[in-house]
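Asker: okay, sequence plus prediction incoming.
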Amino acid sequence: MTTNQLISEIKKKQSFLCIGLDVDLNKIPEHLLKEEDPIFAFNKAIIDATHHLCVAYKPNTAFYEAYGLKGWKALEKTINYLNENHPEIFTIADAKRGDIGNTSTMYAKAFFEDLAFDSVTVAPYMGKDSVEPFLAFENKHTILLALTSNKGAFDFQTKTVDNQELYKQVLETSKTWNNSENLMYVVGATKAEYLADIRQIIPDSFLLVPGVGAQGGNLQDVCKYGMNKSIGLLINSSRGIIYASKEDDFAQAAAKKAAELQQEMKAILD
Ligand SMILES: O=C(O)c1cc(=O)[nH]c(=O)n1[C@@H]1O[C@H](COP(=O)(O)O)[C@@H](O)[C@H]1O
């Protein structure tokens, strides 16, 4: 999917919501555990109830890898279901990969070719040659961790190296890489006050912003400092939406939570 297609979908739906499909079998309604594939059954119900309210879905691969082969099959069924039924929706494999070049190429093939996701999250720690293999894929997007939502972000990312915070160096340097137009960046919603500085360095890039909902990030602040002329934001909520209820009405409850965020977004876009 191109960035322009994503922007037009945002405008059409009046939403820049990304729903995180972080499926934990301990948290899903008990009746689904009798299904042949409880993870996919849960995702399908959530997608069917929420697809008109969001522009992206983000399965975090950890929640699938944790269940071995069954989990990976559920991930494959989920991305196939999305691509077949909702090709206009942007898909993010939240896998936080990155390795020496030839290994990164295989990660990129796994998520862009085998599983046909539109994007994958990548860690910048190993530098240019670990990220460029992902950037080489046309119309696919590499979402680089810049300033993450967790406390540990302050361990390295905000430390000053050569008179500049490390996360700013990640932003500046990555702009010079081959095919950098395929880059997006992760900035945690819990770090909204940093977004004004971030926008000075990357005014046009899309940002994936997790941390609204369960982690306490604030949507209004994120938009105030982070929105650009093409909106430029994908705001993710996972637990706050998908686990709104553990009862039979779980999908409707998720849709209600998603609709609340979408309405807030619509008001901001108006
Ligand atoms: O890359 C991410 O998506 C990510 C980066 C970050 O800085 N913080 C963060 O929470 N995430 C992911 O975003 C999702 C947040 O989930 P909730 O806190 O349940 O909304 C999880 O899948 C996290 O792994």
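Answerer: Yes, it's here. Residues are numbered from 1 along each chain as shown.
Asker: which stretches of the stretch 51-200 of the chain form strands?
Answerer: Under the criterion DSSP state E, counting those that start in this stretch, the stretch 51-200 of the chain carries strands at the ranges 56-58, 90-97, 119-122, 141-147, 160-161, 164-165, 183-187.
Asker: figure out how far the fifth one is from the centre of its chain.
Answerer: Distance of strand 160-161 from its chain centroid, counting by Cα atoms, centre = their mean, to the nearest Å, is 28 Å.
Asker: quick one: contacts of that strand?
Answerer: 166, 169 (Cβ atoms under 8 Å, 6 or more residues apart in numbering). Using the backbone N, CA and C atoms, a C-beta is placed for each residue, glycine as well.
Asker: also the last one?
Answerer: By Cβ under 8 Å, 6+ apart, the residues outside strand 183-187 that reach it are 119, 121, 135, 141-148, 171, 174-175, 177, 194-195, 198, 202, 205-210, 226, 234.
Asker: these: which ones sit near the ligand?
Answerer: For the ligand, the contacts drawn from the contacts of strand 183-187 by Cβ under 6 Å from any ligand atom are 121, 148, 210.
Asker: how about the helix of greatest length in the chain: buried residues?
Answerer: Longest helix of the chain, by residue count under DSSP state H: helix 250-269. Going by neighbour count (16 or more other Cβ atoms under 10 Å), the buried part of helix 250-269 is 250-251, 253-259, 261-262, 264-265, 268.
Asker: any chance of those in JSON lines, with distance to the ligand too?
Answerer: JSON lines is the format used below for these (distance: Cβ to the nearest ligand atom, whole Å):
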{"residue": "250", "distance to the ligand": "15"}
{"residue": "251", "distance to the ligand": "17"}
{"residue": "253", "distance to the ligand": "15"}
{"residue": "254", "distance to the ligand": "12"}
{"residue": "255", "distance to the ligand": "16"}
{"residue": "256", "distance to the ligand": "16"}
{"residue": "257", "distance to the ligand": "11"}
{"residue": "258", "distance to the ligand": "12"}
{"residue": "259", "distance to the ligand": "17"}
{"residue": "261", "distance to the ligand": "11"}
{"residue": "262", "distance to the ligand": "16"}
{"residue": "264", "distance to the ligand": "15"}
{"residue": "265", "distance to the ligand": "16"}
{"residue": "268", "distance to the ligand": "19"}
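Asker: and which of these is nearest residue 7?
Answerer: Using Cβ to Cβ, the shortest approach to residue 7 within the buried residues of helix 250-269 belongs to residue 265, at 13.9 Å.
Asker: what's the closest non-adjacent residue to residue 234?
Answerer: Leaving out its chain neighbours, the residue that sits closest to residue 234 by Cβ to Cβ, 6 or more residues apart in numbering is residue 18, at 4.6 Å.
Asker: who in this protein is up against the ligand?
Answerer: Within the chain, the positions near the ligand by Cβ under 6 Å from any ligand atom are 20, 22, 60, 94, 121, 148-150, 186, 188, 210-211, 213-215, 236-240.
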